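Engineer: Show me the folded form of this:
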Amino acid sequence: MLIASSVASTVRSSAIAKVGCCKASALLSGRHRNNGCSTRFSSTTPAYEGHIPLNWFENAFLAVGSAVMSLADPRRHARTDMIAALGETTAGPALSRLRDRMLESAEGRRVLKDRPRVSTTTVDMNKLAQNPEGSFGRAYVTWLERCGVTPDTRAPVHYIDDPELAYVMQRYRECHDFYHCIVNLPVNVESELAVKYFEFANLGLPVAAISAAFGPLRLNAQKRNRLFSEYVPWAFKCGGSAQSLITVYWEERWDQNIEEMKKEFGIWDPPEARWSRPLSEAKAAAEKRTRESQASQNS
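Structural biologist: A predicted model of the protein is given here:
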């Protein structure tokens, strides 16, 4: 675990130091000097805020280190960071294919043009809580309440060179909870793996396949058996036949009936999941949010 952590942190530190070195050199000379910094765009010059360019060796090194770390470290936040790095360093041509799917769709093209972001800063959760019962917006707020999660935990993209492809990865990452919501699955391990299998069938990202391949090791025999006998067949069949969800402009659909959306996308419910919180309790919390929001507006 310590070795894997050192691998990831060493590569990150090296890449950040290299970026700083090249920036300083450029400021001094007006161009990149021959100081050990490659003049290739992909390994020297940050293309967007937060970008950390990597050469092929650093990319491979970080991919291996993050893969090992995501399996070895039981801490959820550490595992999330490593899976994020793994997703970026293994994405390869899959991101270009997803971008092409978006370009083939009028809705997807609007997403690429507008580049919406998903967080409590950009999405008015109180407003969504006032949406009618059965709408996607109301279902999303109820899902967040029921699972006890927030959209603010998605890490920014760092290691993808092309800015547009970096946004595609960010979009995938920030829409992950929408996938959970529309297929009606919580965030426990077996449900998360079911969504990963669904994502791999629907989107084809390597990180989903890697998570799906090694994630079952964290389950006991009974849960693993149910995953493979019930959830995986559903995930491959439903995810493989459904509309590519990367093309969906979710923010334009807050008012749409969620059951109509599922029919439009070709999605059906998976086997019943194990939830830690009753739906009635989550709905009550969403209704409370609505009342508080309305009271605040009237005061």
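
Engineer: what residues are up against Asp177?
Structural biologist: Residues in contact with Asp177 (CB atoms under 8 Å, 6 or more residues apart in numbering) are Val118, Tyr140, Trp143, Leu144, Val149, Pro151. Bear in mind the C-beta positions are built from the backbone N, C-alpha and C, glycine included.

Engineer: could you say which helix or strand contains it?
Structural biologist: Element membership of Asp177 [criterion: DSSP states H and E] is helix 176-183.

Engineer: ok, Glu287 to Glu145 distance?
Structural biologist: 10 Å (CB to CB, to the nearest Å).

Engineer: More neighbours: these two, which one.
Structural biologist: Glu145 (22 against 16; other CB atoms under 10 Å).

Engineer: Packing partners of the helix or strand harbouring that one?
Structural biologist: Following DSSP H and E, the helix or strand that holds Glu145 is helix 136-147. The elements that helix 136-147 packs onto, with contact taken as 3 or more CB pairs under 8 Å, 6 or more residues apart in numbering; DSSP states H and E, are helix 125-129, helix 176-183, helix 258-265, helix 279-298.

Engineer: Ala209 sits in which helix or strand?
Structural biologist: helix 206-214.

Engineer: Give me the helices and strands touching that helix, please.
Structural biologist: helix 76-89, helix 189-203.

Engineer: These: lowest mean pLDDT?
Structural biologist: When the helices and strands packed on helix 206-214 are compared by mean pLDDT, helix 76-89 comes last with a mean of 74.

Engineer: which stretches of the chain have low pLDDT?
Structural biologist: Residues of the chain that meet the criterion pLDDT under 70 lie in 1-43, 70-79, 293, 297-299.

Engineer: Tell me which residue is most central in it.
Structural biologist: In the chain, the C-alpha nearest the mean C-alpha coordinate belongs to Arg173, at 1.7 Å (CA atoms, centre = their mean).

Engineer: Could you check which helix or strand contains that residue?
Structural biologist: Using DSSP H and E, Arg173 falls within helix 163-174.

Engineer: So what's the gap between that helix and the chain middle?
Structural biologist: Centroid separation for helix 163-174 versus its chain: 9 Å, with CA atoms, centre = their mean, to the nearest Å.

Engineer: Stretch 247-267 too?
Structural biologist: 18 Å.

Engineer: Show the end-to-end separation of that stretch, please.
Structural biologist: End-to-end distance of stretch 247-267 (CA to CA, to the nearest Å): 15 Å.

Engineer: Quick one: residues in contact with it.
Structural biologist: With contact meaning CB under 8 Å, 6+ apart, stretch 247-267 is reached by 101-102, 104-105, 107-108, 110-111, 116, 118, 123, 128, 131-132, 134-137, 139-140, 175, 178, 181-183, 238, 241-243, 245, 268.

Engineer: Next, the buried residues of it.
Structural biologist: Of all the residues in stretch 247-267, those buried under the rule 16 or more other CB atoms under 10 Å are 247-251, 253-254, 256-258, 261-262, 265, 267.

Engineer: Stretch 125-145 now?
Structural biologist: Neighbour counts over stretch 125-145 (16+ other CB under 10 Å) mark 125, 128-131, 135-145 as buried.

Engineer: and which of those is nearest Ser211?
Structural biologist: Trp143 (20.5 Å; CB to CB).

Engineer: who's in contact with that closest one?
Structural biologist: Trp143 is in contact with Asp177, His180, Cys181, Ala282, counting by CB under 8 Å, 6+ apart.

Engineer: how many other residues sit next to the second one?
Structural biologist: The reference is to His180. 22.

Engineer: My read is that it contacts Val195, right?
Structural biologist: Yes. With contacts counted by CB atoms under 8 Å, His180 reaches Val195, the gap being 5.8 Å.

Engineer: Now the two most distant members of the contacts of Asp177.
Structural biologist: That would be Val118 and Trp143, which, of the contacts of Asp177, are the farthest apart (CB to CB) at 13.3 Å.

Engineer: For the closest residue to the residue nearest to the centre of the chain other than its chain neighbours, the count of nearby residues, please.
Structural biologist: Excluding the flanking residues, the one nearest Arg173 by CB to CB, 6 or more residues apart in numbering is Arg154, at 4.9 Å. Counted with other CB under 10 Å, residues neighbouring Arg154 total 19.
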